[in-house]
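S.K.: quick one, structure for this:
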Amino acid sequence: MPICLLHFPGADTEAAIRAEELQLRQAKADVSAGQARLRDQECLLVDMTVGSRTVPEAERFVALLKGCLVEWERHRVLIEQRLAYLKERHRREAQS
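M.R.: Prediction:
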């Protein structure tokens with residue numbers, strides 16, 4: 001039988017906090033993996049250009065990875081902001 005959240009003030013906020021914490025962990029893992037991937041690709045690009053070869057596709061790929069990483073980091077910040085808001089809301093709910 002489903003539990004009505006209206007009978008438990010703050011329960012929906014607690015669930016939202018748990019969900020955002022999961023999202024934040026995933027976002028942090030994605031950013032970390034993205035940073036590692038970018039470092040690897042930058043090393044490969046340096047290796048390719050050492051022999052005076054220009055590789056426009058590889059350069060473009062590195063630039064796209066950098067752009068993706070910036071957006072992933074922005075997403076992580078948004079999750080952190082949402083989580084801070086929810087925690088403050090939960091604190092207020094617990095006081096009332």
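
S.K.: please name the nearest non-neighbouring residue to the residue most central in space within the chain.
M.R.: The residue lying closest to the centre of the chain (C-alpha atoms, centre = their mean) is A27, at 2.6 Å. The shortest distance from A27 to any non-neighbouring residue, by C-beta to C-beta, 6 or more residues apart in numbering, is to R76 (4.1 Å). Any C-beta I mention is one placed from the backbone N, CA and C, and that applies to glycine too.

S.K.: what about the one you found, distance to L22?
M.R.: Distance from R76 to L22, counting by C-beta to C-beta, to the nearest Å: 13 Å.

S.K.: chain center to the helix or strand containing R92: distance?
M.R.: Using DSSP states H and E, R92 falls within helix 56-95. Put simply, helix 56-95 sits 4 Å off its chain's centre (C-alpha atoms, centre = their mean, to the nearest Å).

S.K.: go on, stretch 38-49?
M.R.: 24 Å.
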